[in-house]
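S.K.: got a sequence here, can you model it:
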Amino acid sequence: MLGRRNIMLRHMHRHWLKTLFGMGALLALFSLAVMLIWNAILPSLMAVGSLTYLQAAGLLLLCRILFGGLGMGLRGHHMHEHLRNMTPEQREAMMRRLRERFPDRGGFGSHPWGDSPSGSEKNGETQENQTSEK
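M.R.: Model (predicted):
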């Protein structure tokens, strides 16, 4: 039993080391790409100086912190799973709570052109009236 636990811990440590190494390699590669693109384009277009490799890495990390890009990550995946497992009643209740929580934004999940996702409610006509006329 003790040997099995040691093997599992060793495997887990290898996994984390590979993950950290892979993340470091991606950071290095993206930093190089940011530096090369910046230095090739921006100094000739605007009055900005060239970027060093460390400045490019810092800029990349700053953008990641401020904008959170590079995909949805695990949070988006977990939220998608959570929504998929909800019943329609649970989904509607959640949307109702969000609309109540954010009323100043026109309600969460609302569309700028109206409540209908198709945007077909114009001049007081409902979507049912428009489909029955066709």
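S.K.: from I7, how far off is H13?
M.R.: Applying C-beta to C-beta, to the nearest Å, the value for H13 to I7 is 11 Å. From N, CA and C alone the C-beta is placed, and that goes for glycine too.
S.K.: revised request: answer the last question for H15.
M.R.: Here H15 is placed at a distance of 13 Å from I7 (C-beta to C-beta).
S.K.: try S50
M.R.: Distance from S50 to I7, by C-beta to C-beta: 50 Å.
S.K.: domain ranges for this protein?
M.R.: 1-70, 72-104 (automatic domain parsing).
S.K.: in TSV: those, plus mean neighbour count.
M.R.: TSV is the format used below for the domains of the chain (neighbours: other C-beta atoms under 10 Å):
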stretch	mean neighbour count
domain 1-70	12
domain 72-104	11
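S.K.: isn't there a helix covering M86?
M.R.: No. Secondary structure of M86 (DSSP: H, G, I helix; E, B strand; the rest coil): coil, not part of a helix.
S.K.: these two touch, right, it and M95?
M.R.: No. At 10.4 Å, M86 does not count as touching M95 under the criterion of C-beta atoms under 8 Å.
S.K.: picking up where we left off before, and the domains of the chain, which one averages the lowest pLDDT?
M.R.: For the domains of the chain, the weakest mean pLDDT is recorded on domain 72-104, namely a mean of 77.
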